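>>> Structure, please.
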Amino acid sequence: MPAADPQTTPSGAAILRFLRVTLHVGFAVLLLVAILRLHFADGAAGTDGATEAAGPATADGTAAGQRLVWSALALALAAAYLAGTVLEKRFAAGRSSFNPHPYAAPWLGLVTALWGVLLAGSAEFSWVAFPLFFLHLHVLPRRIALFTIAAMTAAVVASQWVASGLPSPTLPMVMGPGLGAVFAVVTGLAYRALYQESEAQRLAADELRRTRAELARTQHEAGVAAERERLAREIHDTLAQGLSSIVLVARAAEKSLASGDLATAAERFAMVQQTASENLAEARSFVRGLTSPQLQESSLPESLQRLCGETETLAAPRSDGLRCRFELVGDPAELPPQYSVTLLRAAQASLANVRLHAKASTAVVTLAFLGDEVTLDVYDDGTGFVPEAPGSGVASRADGSGFGLRSLAARVAELNGSLEVETAPGEGTVVAIRLPLIGGGAEGERD
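Sure, this is the predicted structure:
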C-alpha cells in the first residue's frame, strides 16, 4: 500500500494520480490475463510446472483441479492487493482513522509471496511481476527494493525456462524480464522523485498557510491594540479631562450654595452642563471616528482661541487667577483633519495639566505656520516638574497626568512630528510640537 499522495499543484497531483491508477489497472489486467491463459491455453500450457512437480499423473481431472487451485490463489492475491489499496485510499481521503502505512512492508511481503507461489505453479503469472516492481520501489528502501526486484526477475527467468522445457534459457527469456525490470526501476525512481518534490511543495504550502494565518492573527491583534490606544487617547483628552473639570466646578458650585451665593452657584452649574454637553458630543464623535465637533464648527485658530477662554473660566472656581491667551504666527493654512485634531488635543491636554497641576498665573498658546511645518507651543509660568528622564521630552507624574503626554507623543509620532517638553521645578513648562507639512502625510491629503 503506497503512502498517501500529498496535496500538490494541480499538474503534480494529476500526474501522481494517473501513475497510481495506471499501476492498479495494470496489475488487475495482467492478473486477469494470466488467469484466462491458465484456463484456456492449449493442453498443459497453464499447468506445466504443476504436472511436472506432481509426477506422471496427467489426467484431465487432475489438471482441472490444479487450475482451480491456482485460480483461487490468484483471487487471494487480488483480494490482498485490493484490501491494501482500499485501506490506503480511505485513510488518505480522511474517511478512516486506521493508518495502514506501518503495515505497508508486511502487506507487500504477503502480495509478493502469493505471487511467488503462483509463479511456481504457472509461468503465466510472470508478467504480474512488473507492477509489483513499482510497489517494491515505492514501499521499500532503495537498496532493498533493487535486491528484491533482481530476485523476482531471476524467478521470472527461471519460470520461463522451466515452462519452455529447453536445456538452457534463451536470450529473449533473459532480455525480456531484464529490460522490463530496468524500465520499471527507472520509472519507479522517477515517480519517487516526483513524489518527493510534490511532498516538498505540500510542506512549503502548509508553511505558507501557517505563516499567513499567523500574520493575519498578528495584524488583527495589532489592529485591536491600535483601536484601544485610539480610544484611550480620546477618552483621556476629552472625557477624562471634561469629567475632571465637572467635578471641580461642581465642588465650587457646592461651596457657593453653602455660602448662599446663588448667582455664582447657578453660573457654575451652567458651566457643568455646558462641559458635559461638549464631552457628550466628543464621545459620540470619536465613537464614529470623526473629527472633533469643535473643528467642525470652526477653524483650528478659532478653536484654540475658544479653548483659552474656557480654560480661564474653568480655572476661576479655584481662585488661581489664571490668564490664558492665544497667539497666531504666520498666515493660517488649511491642515488635514488629523493634523488639526492632534494640535487641538495637544492644547487641551496641556492646558488641562496647567489648570489642574501647574498653579500658574499665565498660560500662552502659540500656533505658528512656518512654511513647511506647523508648530504649537503651550507655555505656563507654573511650578514645573521633573521630567521622567533627561532628554526624554515626555514627563510622568505620580497623579497619572503623564499618560496624556505619552499619548500625545504617540499622536505626534504617527505624523512624523516631534514633541518636546522643557520644564524644571519652579521654572514653568513649555510643550512644543512640530509637524512637517511635507512628508508627514499632509501633502498627499492636500492633493
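
>>> so A333 sits in a strand?
No - checked against DSSP: H, G, I helix; E, B strand; the rest coil, A333 lies outside a strand; its state is coil.

>>> I'd like the distance between it and S298.
16 Å (Cβ to Cβ, to the nearest Å). All C-beta spots, glycine's among them, are computed from the backbone N, C-alpha and C.

>>> Also A240?
Distance, A240 to S298, using Cβ to Cβ: 23 Å.

>>> Could you give the bridge partners of the closest residue to D331 other than its chain neighbours?
Spatial nearest neighbour of D331, excluding adjacent residues (Cβ to Cβ, 6 or more residues apart in numbering): F369 at 6.1 Å. Taking DSSP bridges as the rule, F369 bridges to V374.

>>> Tell me who's in contact with F369.
When contacts are counted by Cβ atoms under 8 Å, 6 or more residues apart in numbering, F369 is found next to V329, G330, D331, P332, A333.

>>> Name the nearest of the residues you listed relative to V364.
V329 (11.7 Å; Cβ to Cβ).

>>> count of residues packed around the residue nearest to the closest one when sequence neighbours are not counted?
Nearest non-adjacent residue to V329, counting by Cβ to Cβ, 6+ apart: A368, 3.8 Å away. Here the count is done by other Cβ atoms under 10 Å, and A368 has 14 residues near it.

>>> Roughly how far does L137 sit from V186?
For L137, the distance to V186 - Cβ to Cβ - is 10 Å.

>>> and these two? which has more neighbours close in?
L137 (23 against 11).

>>> got a list of what that one touches?
Applying Cβ under 8 Å, 6+ apart to L137 gives the contacts A145, I149, A184, V185, G188, L189, Y191, R192.

>>> Which among those residues count as buried?
Using 16 or more other Cβ atoms under 10 Å as the burial test, the contacts of L137 include A145, I149, A184, V185, G188, Y191 as buried.

>>> Let me know the closest of those residues to C324.
Proximity of the buried ones among the contacts of L137 to C324 (Cβ to Cβ) peaks at Y191, which lies at 84.2 Å.

>>> With E197 as the reference, measure out to the closest one.
Y191 is 11 Å from E197, by Cβ to Cβ.

>>> do the same with S299
66 Å.

>>> if we can go back for a sec, and the buried ones among the contacts of L137 as JSON lines, adding distance to G417, pLDDT and secondary structure?
As requested, those are exported to JSON lines (distance: Cβ to Cβ, whole Å; pLDDT from 0 to 100; DSSP: H, G, I helix; E, B strand; the rest coil):
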{"residue": "A145", "distance to G417": "70", "pLDDT": "88", "secondary structure": "helix"}
{"residue": "I149", "distance to G417": "75", "pLDDT": "90", "secondary structure": "helix"}
{"residue": "A184", "distance to G417": "73", "pLDDT": "82", "secondary structure": "helix"}
{"residue": "V185", "distance to G417": "71", "pLDDT": "86", "secondary structure": "helix"}
{"residue": "G188", "distance to G417": "68", "pLDDT": "77", "secondary structure": "helix"}
{"residue": "Y191", "distance to G417": "63", "pLDDT": "75", "secondary structure": "helix"}
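
>>> And the helix or strand containing Y339, what's buried?
Assigned by DSSP states H and E, Y339 falls within helix 337-353. The neighbour-count check on helix 337-353 (16+ other Cβ under 10 Å) flags 338-353 as buried.

>>> got CSV for the contacts of L137, with distance to R325 too?
Shown next, in CSV, are the contacts of L137 (distance: Cβ to Cβ, whole Å):
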residue, distance to R325
A145, 93
I149, 98
A184, 96
V185, 95
G188, 91
L189, 89
Y191, 86
R192, 85
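
>>> How far does stretch 332-340 stretch from one end to the other?
Distance between the two ends of stretch 332-340: 12 Å, counting by Cα to Cα, to the nearest Å.

>>> For it, give the mean pLDDT please.
Here stretch 332-340 scores 87 as its mean pLDDT.

>>> gap between it and the chain center?
For stretch 332-340, the separation from the chain centroid amounts to 38 Å (computed by Cα atoms, centre = their mean, to the nearest Å).

>>> next one: stretch 373-393
Here stretch 373-393 is found 43 Å from its chain centre; the criterion is Cα atoms, centre = their mean.
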